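Just to be clear, the model below is a prediction. Sequence and coordinates:
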Amino acid sequence: RDPQPVLDELRERYGPVVGLGAGPVRMAIVGDPAALKELFATSTDSFRWNHAFNVLEFVVGPGSMIVSDGADHKRRRGSVQAAFSRRRLDGWIPLILDRTDAAIDRVAADGDHVRDLYVVGRELVLDLVVRILFGERMAHRTAEIGALFQGPQDYLEAPAIRQIPHRIPGTTRARVRADRKALDRIIDAEIAERRVRPSGDRLDVLEALVADGTLDDSEIRDQVVTLIGAGFDTTSASLAWLLWCATLADGIWERLRAEADEVLGPVGSGAVPDASTLRALDLASRVVRETTRLHPAGVVSPRQAVVDLEIGGHRIPAGTLVLWSAHLAGRDPSAWDDPLRFDPERFVHLSPERKALADAAWVPFGKGARNCIGFALAQMELTLIASRLAQRLDVEPTAEVEPRPVGMVVNRPAGGAPMRVRPRA
């Protein structure tokens, strides 16, 4: 259930590209940056994502872009991509800071205390996801949506034996099916409402998907469930890792604060942040980049080869499940000096050769036509949230070392992120 130690041991023994299994159950683990560059440049027609080993379909639905192939994937992803336009992304910047301030206000109200900031981050990111996807009018149902999504998320992290398809009532799988139906009812009602009475909110993703007209209602529903899952658990896990990294590293929290003071200005000043604000948060952006290098939300990502391939000098037969690993690439010693050290400065003043290596090895969101569709939003959220937290809160780690990583689907710190917090002096 915790793949990181296994991946590290396999790389130590056999190298960054490893073949496992035989016959119909063959796997290839690819963590070499040069091999990954080849993999991402290979035509997506050489792979399929809707394969027998993919357990995501039960949760996200058969119409989700992440379990689709060929023309269906291109059409579904194209519709969602249009909804995540640069204009819309920039329009969410004030919302992210506003909701972060609201979350900080609740934490600061308790004075000097120990708080699990992973939980705080999950609540904040879910709040943002619901407002971004549905607009303000669904904000009051955020807790309900989160509760319905928790069971499916836990199910995906369960051992494979518990994910065997069946229709037995009263089981975990049956409860997940019921939660998904309840989510469907909420989303279907919102789709119907927008068809009859559009909100006119130009930042509302669901309204954009409905207005686009490319997808039918069941496809829209599956994309929305996918976006909740992809935008909720992964980003909050990355935020928890960022808090550990930034508070354990000497001087980083203080430098984040100084940058936030300069760029964001005093809280409540009335200044409206925009894209230029985000661009000016250079250190925060590098802290996000370095955190996700060391602790990518997805440790491995699967795709199945449908033709014989050669990747990185290794033959991969058709039918092989290819598990490419951002975890291994992000710690590869050929691409990174002192790869296990947290150092946001490693991205500054890179030579062209080192920059090319770093670009190939930094793949927490994937690359190419199947990269994470919400990567720009996730990076934006993490950058702005980290900056505002540093600006407004004194945060001290409750341990001297990072916790161990846990999670097969989403990589998160064991025990969360318990920190001593107090309002900034």
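Looks like it came in fine.

pLDDT score assigned to residue 105?
We have a pLDDT of 98 for residue 105.

any idea what it is structurally, helix, strand or coil?
Using DSSP: H, G, I helix; E, B strand; the rest coil, the three-state assignment for residue 105 comes out as helix.

What is the burial count for residue 260?
Residue 260 has 22 neighbouring residues, counting by other C-beta atoms under 10 Å. Yep, even glycine has a C-beta here, placed from its N, CA and C like the rest.

my bad, should have said residue 413
20.

so it sits right up against residue 117, yeah?
No - with contact defined as C-beta atoms under 8 Å, residue 413 does not reach residue 117; the gap is 10.5 Å.

show me where the stretch 101-250 of the chain has helices.
117-134, 142-156, 172-196, 205-212, 217-248 (DSSP state H, counting those that start in this stretch).

quick one: contacts for residue 209?
Taking C-beta atoms under 8 Å, 6 or more residues apart in numbering, we find residue 209 in contact with 79, 80, 83, 215, 220, 223, 224.

Next, count neighbours for residue 128.
Neighbours of residue 128 (other C-beta under 10 Å): 24.

a markdown table please, covering the helices of the stretch 101-250 of the chain and showing mean pLDDT and distance to residue 63.
Output for the helices of the stretch 101-250 of the chain, formatted as a markdown table (pLDDT from 0 to 100; distance: least, C-beta to C-beta, whole Å):
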| stretch | mean pLDDT | distance to residue 63 |
| --- | --- | --- |
| helix 117-134 | 97 | 16 |
| helix 142-156 | 93 | 16 |
| helix 172-196 | 95 | 12 |
| helix 205-212 | 96 | 12 |
| helix 217-248 | 96 | 4 |
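
can the ones you listed go into a markdown table with extra columns for distance to residue 327?
Compiled in a markdown table, those are given as follows (distance: least, C-beta to C-beta, whole Å):
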| stretch | distance to residue 327 |
| --- | --- |
| helix 117-134 | 19 |
| helix 142-156 | 18 |
| helix 172-196 | 27 |
| helix 205-212 | 30 |
| helix 217-248 | 12 |
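
ok, back up a step: got any residues that touch both of residue 413 and residue 117?
In contact with both residue 413 and residue 117: residue 240, using C-beta under 8 Å, 6+ apart.

Wait, a strand at residue 341?
No - remark: residue 341 does not belong to a strand; assigned using three-state DSSP, it is coil.

Report the contact partners of it.
Counted by C-beta under 8 Å, 6+ apart, residue 341 has zero contacts.

From residue 6, how far out is the most centrally placed residue in the chain?
Ranked by distance to the mean C-alpha position of the chain (C-alpha atoms, centre = their mean), the top residue is residue 234 at 3.5 Å. Noted for residue 234: a distance of 21 Å to residue 6, by C-beta to C-beta, to the nearest Å.

Backbone dihedrals for the residue lying closest to residue 247 once chain neighbours are set aside, please?
Of all residues not flanking residue 247 in the chain, residue 397 sits nearest, at 4.5 Å (C-beta to C-beta, 6 or more residues apart in numbering). Note on residue 397: backbone dihedrals following degrees, to the nearest 10 are phi -70, psi 150.

Could I get the buried residue list for the helix or strand hosting residue 293?
Residue 293 is located in helix 282-294, with elements delineated by DSSP states H and E. Buried residues in helix 282-294, counted by 16 or more other C-beta atoms under 10 Å: 283, 284, 285, 286, 287, 288, 289, 290, 291, 292, 293, 294.

Need the residues that contact the helix or strand that that helix is followed by.
Downstream of helix 282-294, the first helix or strand assigned by DSSP H and E is strand 301-305. The contact list for strand 301-305 (C-beta under 8 Å, 6+ apart) reads 46-49, 51, 53-54, 316-326, 366, 370.

10 Å - rerun?
With contact meaning C-beta atoms under 10 Å, 6 or more residues apart in numbering, strand 301-305 is reached by 26-28, 39, 42, 44, 46-56, 69, 311, 316-326, 363, 366, 370, 372.

average pLDDT across that strand?
96.

next one: stretch 272-284
So the average pLDDT for stretch 272-284 ends up being 97.

Kindly check the end-to-end length of it for me.
Length of stretch 272-284, first residue to last, C-alpha to C-alpha, to the nearest Å: 19 Å.

Show residues contacting it.
86-87, 89-91, 93-94, 96-98, 242, 246, 252, 255-256, 258-260, 262-265, 271, 285, 287-288, 344-345, 347-348, 379-380, 382-388, 390.
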